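below are the sequence and a predicted model; questions follow.
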Amino acid sequence: MRKISFAEATLEAMEEEMEKYPEVFVMGEDLARQGGIFGQFKGLGHKFPGRVMDTPISETFIVGGGVGAALAGARPVVDMHFADFIGVCMDEVFNQMAKARYMFGGQAKIPLVLRAPDGMAGGGAAQHSQSVESWFLHIPGIKVVAPSNPYDAKMVLKAAIESDDPVIYFENKVIYKESAMVPEKEDEVPYEIGKARVVREGTDVTIVSYSVGMKNANGAADLLAKDGINAEVIDLITLSPWDKETVINSVKKTHRLCLVAESVKQGGAMAEVAATVAEEALEYLDAPILRYGAPFVPIPFAPTLEKLYRIFPEDLYNGIKKVL
Amino acid sequence: MAIEVLMPKLGLTMEEGTIEEWKVKVGDTVKKGDIIFSVSTDKMTNEIEAEDDGVVIGIVIAEGDSAPCKSVIAWLGAAGEQPPAGGVAAAPAVAAPAAAPVAVAPVAAAAPVARPAGAYVLATPYAKKLAKDKGYALAAIAATGYDGVVVAKDVDAHVAGPHVKTSPVAAKMAAELGVDVNTIGADGQRVMKADVLAATAAPAAAVAPADEDEVIKVTPMRRAIAKNMENSWHTSPRVTFTRPFDATGMKDLRKAINKALEPKGIKVSYNHIMMKVVSLCLRDYPDINGSFKDNLLTHHKHINMGLAVAQPSGGLVVPNVKDCDKKSLAEIAVEADQLAKDGKAGKLGMDAMTGGTFTITNLGNYGLTNFSPIINQPELAILGVCAMVDTPVVRDGQIVVRPMMNLCLTADHRVIDGVQASEFLQKVCEMLENPVLMLA
């Protein structure tokens, strides 16, 4: 274990997987020459000549070509540059990538990873800041993951590449630069897609989040701890299929649930969690479910407005204190 | 090894039963087949036999209390044996008389909470579950949660209040009816179902104890009748059609047939003739021999004729004669008389009580010439039979005296229109006036 950044952790995962599987290759915009817009592919093209390909600006081709290659036996990793651009290739994503295995009666598989950097990085404005993960929770046939830290960045990406089903890997732009302890190859514990992690045990309230939202979850838990309130914090890591059992078991213990994500609150991933807990564990709730997310407006460019748009740990802290 | 005595399930629709009487007490030895208690349901009262030999070591459900089917109501075992821990609260019979009633002083913290009667109590789902599990009425729990909502810790705090032992049925009932078990029943005594009922039934009496009105806890049968009648009243838009007929032919028939049946000891009554005639006429009116639910009309294949039987205790049962149209008058007489006898004695089986498709109710004995019976759901019509009255009528231009009788048909207008009801009633009257038509 040593301390490396989220971006470096993803790069390490790529290198290890490309060494292990000759059928893994990468394509997208500005990857080989530039090393990725956030440096997350730095040097990969030199290390694996011919296996990191720069494409024209055509998301339709990037995903469509990836699906074709996957059908032909490759294990492609394709990059969206910004998650915001995924709308261009939506048919390739939800009608081809997600459906091929089913439509071919299981005779084909799509071991493809679609990497999608998302989130507000400061001044990205309405078209380069979005978190769009919830769109894909409604599509059977796609696995959706969104790690929140360098450790998971590596282990989840490796699991995604080794998955025989298509995985969309949302990586948050703000977390890219953050460093934490990440295991080297010999110390790795494989991640199982679909599993959440209780990152902090508590008894008074369950706070659930994923990706950059975990900053709010952990931040609120720290604030609550000062008041002697023990929050249990769960990192979902996988959003589809998500780990219902871990969340419900926690709610049965704490009787309160607080959900937070950076994306738009309406129709977000947390709406599904809230609904499921209400369906399956209503009588364990001793407070209304609290849910925090972005307001239903496009992300503003002006830094003051962007700040207004954001959720902070204090928001969760105040809400939880009110219902305790 | 203690053996459970369970609340029997005496019919498909039976969900709970009420112990009318324990024929044994704790310490009694019973043999398999001995009658150990009687149980009443919405429909009847039955005596229940022991299924095992043993000594009664515990009674869980007291007389007058109800319990769900297949739940433990008592324990059998060896002499001196104790029922399983938690399996039974001290049987009321053994409440130690030596112990002075424990005066349970209300604890200040659990002072009744001022809420308007019947107000919806805001409580979290978890608090509701806890309160229900513990048998507390939400209305009695002081709310300290956010926005004045009752939360789990309020329910937990409530435990600190006077902790009264409560029978499981009373606890369930109290939770459903919103009664605080801590505020009812005798001090220090186990709260029973009757206490909960008294608390809900007589709020006025509690306010004005000088009031001399008597408030009575009704029997399960009366509850069932009340429920059924209320349901019928709200279900069926009904019209009552009244029509007279000349009972001369029916009288003659009865006289002749009884003379013939005398050696067999069978007596045919007007009710029996009514049952036969109405059953035969129903063959041509499937809409009337039917039931209606969710916009689906069921035409019953069998004509099972119900006869309302009043019980001496004030109850009312409606056993029915199956396939009445296919039976002879003698068969109907024998069967209906037996059903009426069993009905009066409260001994009817489930089979006799269910499956009816039409009902006849006769109040003629009381001199009525008109009344409006309520339909026995889910049937679609009921025939009320009035008194036979010698009446001057015109026959062939002459005034003559004839025994006239009114029939009152109450029909559900959702299915049965006026013309159909009147036509059916006309057919019945015609056949009663010319009983020979029964052979047609």
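It's in.

what does chain B put close to chain A?
B:Thr124, B:Pro125, B:Tyr126, B:Ala127, B:Lys128, B:Lys129, B:Gly145, B:Tyr146, B:Val151, B:Ala152 (Cβ under 8 Å from any Cβ of the partner chain). From N, CA and C alone the C-beta is placed, and that goes for glycine too.

the third one contacts A:Leu285, doesn't it?
Yes - with contact defined as Cβ atoms under 8 Å, B:Tyr126 and A:Leu285 form a contacting pair (5.5 Å).

spit out the residues that contact these two alike.
A:His255 (Cβ atoms under 8 Å, 6 or more residues apart in numbering or on different chains).

quick check, pLDDT for whichever residue of the stretch 251-400 of chain B sits closest to chain A.
Residue nearest to chain A within the stretch 251-400 of chain B (Cβ to the nearest Cβ): B:Asp294, separated by 27.1 Å. Among the per-residue scores, B:Asp294 shows a pLDDT of 83.

follow-up on the earlier one: selection in PyMOL covering whichever of the residues of chain B next to chain A are buried, please.
The buried subset of the residues of chain B next to chain A, as determined by 16 or more other Cβ atoms under 10 Å in any protein chain shown, is captured in PyMOL by this line:
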select buried, chain B and resi 124+125+126+127+128+129+145+151+152
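
where along chain A do the strands fall?
Using DSSP state E, the strands of chain A run over residues A:2-5, A:24-28, A:52-54, A:75-79, A:113-118, A:143-145, A:167-172, A:179-182, A:197-200, A:205-209, A:231-235, A:238-240, A:257-264, A:290-294.

which of those strands is buried the deepest?
With neighbours taken as mean count of other Cβ atoms under 10 Å in any protein chain shown, the strands of chain A reach their highest mean count in strand A:205-209, at a mean of 30.

between that strand and strand A:290-294, how many degrees?
Angle between the axes of strand A:205-209 and strand A:290-294 is 30 degrees (criterion: axes from the mean of the first three to the mean of the last three Cα atoms, to 10 degrees).

can you name the residues in contact with strand A:205-209?
Contacts of strand A:205-209 (Cβ under 8 Å, 6+ apart): A:148, A:196, A:216-217, A:220-221, A:224, A:229, A:231-236, A:247, A:250-251, A:253-254, A:256-261, A:270, A:273, A:287, A:316, A:320, A:324.

parallel or antiparallel, list what pairs with that strand.
As defined by DSSP bridges, the strand partners of strand A:205-209 come to strand A:231-235 (parallel), strand A:257-264 (parallel).

TSV please, covering those strands and showing mean pLDDT and distance to B:Leu329.
Converted to TSV, the strands paired with strand A:205-209 look like this (pLDDT from 0 to 100; distance: least, Cβ to Cβ, whole Å):
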stretch	mean pLDDT	distance to B:Leu329
strand A:231-235	98	78
strand A:257-264	98	72
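
from B:Thr235, how far out is the residue of the stretch 251-400 of chain B closest to chain A?
From B:Asp294 over to B:Thr235 the distance is 12 Å, taken as Cβ to Cβ, to the nearest Å.

who has more neighbours, the two?
Higher neighbour count among B:Asp294 and B:Thr235: B:Thr235, with 15 against 4, using other Cβ atoms under 10 Å in any protein chain shown.

which residues in the stretch 251-400 of chain B form helices?
B:270-282, B:329-345, B:350-353 (DSSP state H, counting those that start in this stretch).

correction: the previous question concerned the stretch 51-200 of chain B.
Remark: helices assigned in the stretch 51-200 of chain B by DSSP H, counting those that start in this stretch are B:125-134, B:152-158, B:168-177, B:193-201.

so which of these gets nearest A:Ala294?
The minimum distance between A:Ala294 and the helices of the stretch 51-200 of chain B falls on helix B:125-134, with 28.2 Å, by Cβ to Cβ.

report all helices and strands that that closest one contacts.
helix B:152-158, helix B:168-177 (3 or more Cβ pairs under 8 Å, 6 or more residues apart in numbering or on different chains; DSSP states H and E).

run a quick neighbour tally on B:Met405.
Around B:Met405 there are 24 other residues, counting by other Cβ under 10 Å.

now it: which helix or strand?
strand B:398-412 (DSSP states H and E).

just checking: what are the partner strands of that strand?
As defined by DSSP bridges, the strand partners of strand B:398-412 come to strand B:238-246 (antiparallel), strand B:381-395 (antiparallel).

contacts for the helix or strand following it?
The C-terminal neighbour of strand B:398-412 among helices and strands, as given by DSSP H and E, is helix B:418-433. With Cβ under 8 Å, 6+ apart as the test, helix B:418-433 has contacts from B:239, B:241, B:243-250, B:273-274, B:277-278, B:280-281, B:284-285, B:287-288, B:381, B:383, B:407, B:409, B:411, B:437-438.

now swap in stretch B:258-265 and tell me
With Cβ under 8 Å, 6+ apart, stretch B:258-265 has contacts from B:Ile266, B:Lys267, B:Val268, B:Ala330, B:Ala333.

B:Ile273 is in contact with the last one, correct?
No - the pair formed by B:Ala333 and B:Ile273 falls short of the contact definition of Cβ under 8 Å, at 9.3 Å.

tell me how far B:Lys301 lies from B:Lys322.
The gap separating B:Lys301 from B:Lys322 is 11 Å, by Cβ to Cβ.
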